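> Turn this into a structure:
(one chain, ligands or ions: 1)
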Amino acid sequence: MNSNNIPRKTLPTKEERHKLFGTVEPGPKHKPVEKEKMADLQNIQKDFLFELDEVGITNVKYPIIIDSATAPHSQTSVASFTFTSSIQQSSKGTNMSRFMEQLAAYSVNGFHADFSMLKEFTKELAERLGQKDAKITIQFPWFYERKGPSTGIAGLNHADLTMEVSYNQDSGYIMNVGMSVLITTLCPCSKEISEYSAHNQRGNVRMEVSLSNDFTDLEEDWKLALLEAAESNASARLHPILKRPDEKMVTEEAYENPRFVEDMARLVAADLYELPYVTGFKVSCQNEESIHMHDAIATIRFNK
Ligand SMILES: Nc1nc2c(ncn2[C@@H]2O[C@H](COP(=O)(O)OP(=O)(O)OP(=O)(O)O)[C@@H](O)[C@H]2O)c(=O)[nH]1
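Numbers count the residues shown, from 1 in each chain. All right, here's what the predicted structure looks like:
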């Protein structure tokens, strides 16, 4: 009996419970269990009609370490990994376990989300796969400290980042980065025509950037450069903690810096254009309109 005077159940054993719900005895097994005797379909060589540009695995979640020029200077995060390589027309398939084997090996001492690690990783991955190329893409949230503009009270904001490295034994490396960050925009039209106030919105600035071949982690913290390109051109930055003196400053700053979605895209593009290690970019801005149910968008693509 328990405290409510309800009789306790007597449950069957766990094994009996599994049988009750359908578990059966193993059937006869004839296929080899030793790796050397198993069929290796992936490694069959024939004419398989087409070469594959990219084959691999995606949606791999693994912990990473991010170093930053701003606080917090070192943080852990969880990245979503995609690994691929090309395969020749004569190969049936890739050896997918090797992608995870290599990630596990690199993670023993912490997987650092920086270009020196990603470059080393992709080259070694191509060699491990016996292919001429390999590509890695990681996506992860990155946190950065943000202080209230008047009180200086600090909290954490975050942006969503992408780092992509492609290695080819003939042509070398290609490096791309991406950032998606939220900002405030205040409508210039609304400010101009209204007796009071102006409507504003939370905007998303998405930057996809190609880096020059000789870019290294030592050159500059690209995360800060992209963050600054988005935030410094907005009507105002977002803050995790705002006391009233902060809120007053942020509200007035937005009023003093009105931006259309088109203005945002062009101003961010100008900052990216000025970065010496950026060779091309796409900037997409999307404002969640506060006077409509729909969003406003603007995009620029540019190769320097
Ligand atoms: N090529 C291929 N492999 C798959 C597919 N689906 C699952 N697999 C994977 O096949 C993997 C095992 O294959 P391999 O990596 O070739 O294993 P292996 O041949 O024992 O590995 P090596 O000794 O490194 O050659 C498992 O990790 C499965 O996830 C698929 O669509 N294509």
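> what secondary structure does Lys191 sit in?
helix (DSSP: H, G, I helix; E, B strand; the rest coil).
> next one: Glu101
helix.
> Could you measure from it over to the ligand?
According to Cβ to the nearest ligand atom, to the nearest Å, Glu101 stands 7 Å off from the ligand. Using the backbone N, CA and C atoms, a C-beta is placed for each residue, glycine as well.
> Pretty sure Tyr62 sits in a strand.
Yes - under three-state DSSP, Tyr62 sits within a strand.
> Local confidence estimate at it?
On pLDDT, Tyr62 comes in at 98.
> cool, Met1 as well?
pLDDT, read off for Met1, is 57.
> My read is that Lys119 contacts Ser166, right?
No - Lys119 lies out of contact with Ser166 (Cβ atoms under 8 Å); the separation is 10.1 Å.
> which residues do the two both contact?
Tyr173 (Cβ atoms under 8 Å, 6 or more residues apart in numbering).
> Pop out the phi and psi values for Pro276.
phi -70, psi -30 (degrees, to the nearest 10).
> So which residues of this protein form strands?
52-67, 74-87, 133-147, 154-168, 172-186, 200-211, 278-288, 295-303 (DSSP state E).
> give the contact list for His239.
With Cβ under 8 Å, 6+ apart, His239 has these contacts: 146-149, 155, 157, 246, 250.
> who in the protein is up against the ligand?
35, 40, 42, 93-98 (Cβ under 6 Å from any ligand atom).
> if we go to 5 Å?
With Cβ under 5 Å from any ligand atom as the criterion, the chain meets the ligand at residues 42, 93-98.
> how close does the residue in the stretch 201-304 of the chain that the ligand sits nearest to get to Ile64?
Distances between the stretch 201-304 of the chain and the ligand by Cβ to the nearest ligand atom are smallest at Glu208, namely 28.8 Å. According to Cβ to Cβ, to the nearest Å, Glu208 and Ile64 sit 20 Å apart.
> If we ignore the residues flanking it in sequence, what's nearest Thr122?
Nearest residue to Thr122 in three dimensions, chain neighbours excluded: Tyr167, at 3.9 Å (Cβ to Cβ, 6 or more residues apart in numbering).
> separation between that neighbour and the ligand?
The value you get for Tyr167 to the ligand, if Cβ to the nearest ligand atom is used, is 19 Å.
> That residue pairs with what?
Judged by DSSP bridges, the bridge partners of Tyr167 are Ala134, Tyr173.
> Check Ile297 too.
Beta-bridge partners of Ile297, as defined by DSSP bridges: Gln286.
> Run a quick neighbour tally on it.
14 (other Cβ atoms under 10 Å).
> cool, Ala298 as well?
Neighbours around Ala298, by other Cβ under 10 Å: 18.
> Quick check: chain neighbours aside, which residue is closest to it?
Ala265 (4.1 Å).
> didn't the one you found look like it was pressed against Lys282?
No - at 9.9 Å, Ala265 does not count as touching Lys282 under the criterion of Cβ under 8 Å.
> Relative to Val181, how far out is the residue nearest to Asn204 when sequence neighbours are not counted?
What sits nearest to Asn204 in space, not counting adjacent residues and going by Cβ to Cβ, 6+ apart, is Gln286, at 4.7 Å. Distance, Gln286 to Val181, by Cβ to Cβ: 12 Å.
> same check, this time on Ala134
Taken as Cβ to Cβ, the span from Ala134 to Val181 is 29 Å.
> No further queries at this time; thank you.
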